[in-house]
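[1] Give the three-dimensional model of this entry:
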Amino acid sequence: MTRRERVMKALSFEEIHAIDMGGMLSTGISCFAYPELVESLGLPPRRPKVHDVCQMLALPDTDVLDALNCDVVSVCEDKWTNAFQDKEKWIPCDFNGRLPALVQNPDDFRIQEDDSILYDSEKQHLKMVPSSYVFDNADGDESFDLMTQDPPREDLKELRAELQAELLTDERVKSIAAYCRRVRESTDRAVMFNGLSMGLKYRNGMASWSMLCLTEPEYVQEVHELEMKHFLINAERLLPEIAPYIDIMMSNSDDQGTQNAPILPPEYFRKLYVPYYRKMNDAVHSLAPGLKSFLHSCGAIYDILDDLIDSGFDVLNPVQWSAGEHSYKEWKDKCRNRIALWGGGINSQSTLPFGTEEEVSREVEEVCRYLKKDGGFVFTSIHNILAEIPAGKVINMYQTAYRTLRASCPPN
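    Okay, the predicted model is just below:
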């Protein structure tokens, strides 16, 4: 059985289970933690490839995936992949002496007088202070006074023009398809495609968009309708060309939960998001039969799991059972044979950073034994492995997951 077959059988609820690191931008590892992991695995040293500047994530190399028994590679359009080296796309950058690394656009980085690093790209303006391991909004967080300000509204005509300008051209489709074909020919791992996402999100920030959802739902529906139509045009152009070369599509990254509850009342989420998710997933499954649609949604979303399942997603991540008052067993019982769970393998907010290696191993084994029942489970941590996590814990986590998932499933 190839690694790809293992993943696809797992996602189809067969008694096969798979493992991931870095398939998408919330299942990865900090580039600051990556060199120690490489050294601890006894592998040759190398500069980490920083493929997500905001979160400062390292693109895992294939020998690291081999050492940790991981079954998935990632590809982002025709921009980057870890299925092969693609050295010409990566240029050295030392992040002001903090980390010898590789990036794709070193000219986007500037050093400030206080040793902070600014990152200016076409779509992002970010800043990393010397004490941080990630970039934040250079202009600060959302500034919005709920008591005195009305939430900002976008000009829909301008939004329509922006979306029109972002439609994929025939030339770009050919380039992406050729890159994905090369990925498929380079690996026996399952291929996760990143870069075609409807991504409704919380436009202009959680506070203002939440208010608009409650006070002006018709406006929200207009925005979502525009976003959906834009996605469908790009999907119709791209998916038939790349479907033979990919297995899972990261189709939405819409965090819908806080640490305690869903962001929106479920009835508003059901009205303002679910219909668009459903149309998107119906289109994906029609254009590319067999392709698995992947949703990333952080937080305490247990109360809307039925709605997400009804939306037609095949896979849910990060399975953040640590948020809210529902255990990983409750998550599994609600989702069993209805939607595959990708993640949830360990509490990355408490056990992974603060537990001992023995406690990490114990939790991974307990969680994996339950989540793997009846299939539909791909192991990875709840969200990314942060800079402060020692390599020994990371290796122990993956070794325990591999050992537990390969063991026969215990009786209920």
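
[2] what does stretch 226-246 rub up against?
    75, 156, 159-160, 163-164, 166-168, 170, 173-174, 176-177, 180-181, 183-184, 191-193, 196-200, 276, 279-280, 283-284, 287-288, 290-291 (C-beta atoms under 8 Å, 6 or more residues apart in numbering). C-beta here means a position set from N, CA and C on the backbone, and glycine is covered the same way.

[3] quick one: buried residues of that stretch?
    Residues 226-228, 230-232, 234-235, 237-239, 241-243, 245-246 are the ones in stretch 226-246 that count as buried (16 or more other C-beta atoms under 10 Å).

[4] go on, stretch 205-218?
    So for stretch 205-218, counting by 16+ other C-beta under 10 Å, buried means 205, 207-213.

[5] go on, stretch 11-23?
    11, 13, 16-23.

[6] Check the secondary structure at the closest residue to Cys298 other than its chain neighbours for me.
    Nearest in space to Cys298, with sequence neighbours left out and distances taken as C-beta to C-beta, 6 or more residues apart in numbering, is Asp255 at 4.2 Å. The local conformation at Asp255, judged by DSSP: H, G, I helix; E, B strand; the rest coil, is coil.

[7] what's around Asp255, how many residues?
    Asp255 has 17 neighbours, counted by other C-beta atoms under 10 Å.

[8] same check, this time on Asp86
    17.

[9] ok, it - contacts?
    Trp80.

[10] Tell me the spacing between it and Cys70.
    Distance, Asp86 to Cys70, using C-beta to C-beta, to the nearest Å: 19 Å.

[11] Over to Ile111?
    Taken as C-beta to C-beta, the span from Ile111 to Cys70 is 35 Å.

[12] So which of these two has more stuff around it?
    Cys70 (26 against 12).

[13] Assign a three-state SS to that one, would you?
    Following three-state DSSP, Cys70 is assigned to coil.

[14] Residue numbering should commence at 647 henceforth.
    Let's use 647 as the start, then, which means that last one is Cys716.

[15] Quick check: it touching Ile665?
    Yes. Counting by C-beta atoms under 8 Å, Ile665 is a contact partner of Cys716 at 5.1 Å.

[16] what sits against the nearest residue to Cys722 once chain neighbours are set aside?
    Leaving out its chain neighbours, the residue that sits closest to Cys722 by C-beta to C-beta, 6+ apart is Asn840, at 4.4 Å. By C-beta under 8 Å, 6+ apart, the residues touching Asn840 are 670-671, 720-723, 896.

[17] redo that, cut-off 7 Å
    By C-beta atoms under 7 Å, 6 or more residues apart in numbering, the contact list for Asn840 reads 670, 720-722, 896.

[18] Have a look at this protein and report its longest helix.
    Criterion DSSP state H: the longest helix present in the chain is helix 863-888.

[19] Would you pull up how far that helix lies from the middle of the chain?
    20 Å (C-alpha atoms, centre = their mean, to the nearest Å).

[20] and the residue nearest to Cys722, what pLDDT?
    Looking at Asn840, its pLDDT stands at 97.

[21] now swap in Phe790 and tell me
    pLDDT, Phe790: 66.

[22] what about stretch 711-722, distance to the chain center?
    14 Å.

[23] would you list every one of the helices in the stretch 647-796 of the chain?
    Assigned by DSSP state H, counting those that start in this stretch, the stretch 647-796 of the chain shows helices spanning 649-657, 680-686, 708-713.

[24] Looking at those, spot the one closest to Leu910.
    Checking the helices of the stretch 647-796 of the chain against Leu910 by C-beta to C-beta gives helix 649-657 as the closest, at 27.9 Å.

[25] For that closest one, could you pull out the residues that count as buried?
    For helix 649-657, by 16+ other C-beta under 10 Å, it's 649-657.

[26] quick one: which of these is nearest to Ile985?
    Nearest to Ile985 among these: Leu657, at 9.7 Å, using C-beta to C-beta.

[27] Please verify my assumption that the closest one contacts Ala986.
    Yes. Between Leu657 and Ala986 there is a contact at 4.7 Å, judged by C-beta atoms under 7 Å.

[28] so what's in contact with the two at the same time?
    By C-beta under 7 Å, 6+ apart, the residues touching both Leu657 and Ala986 are 960-961, 1022.

[29] Who wins on neighbours among those?
    Neighbour max across the shared contacts of Leu657 and Ala986 (other C-beta under 10 Å) = Gly1022, 26 neighbours.

[30] The shared contacts of Leu657 and Ala986 into TSV, with extra columns for distance to Ile675, pLDDT and secondary structure?
    Below are the shared contacts of Leu657 and Ala986 laid out as TSV (distance: C-beta to C-beta, whole Å; pLDDT from 0 to 100; DSSP: H, G, I helix; E, B strand; the rest coil):
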residue	distance to Ile675	pLDDT	secondary structure
Asp960	25	98	coil
Val961	20	98	strand
Gly1022	24	97	coil
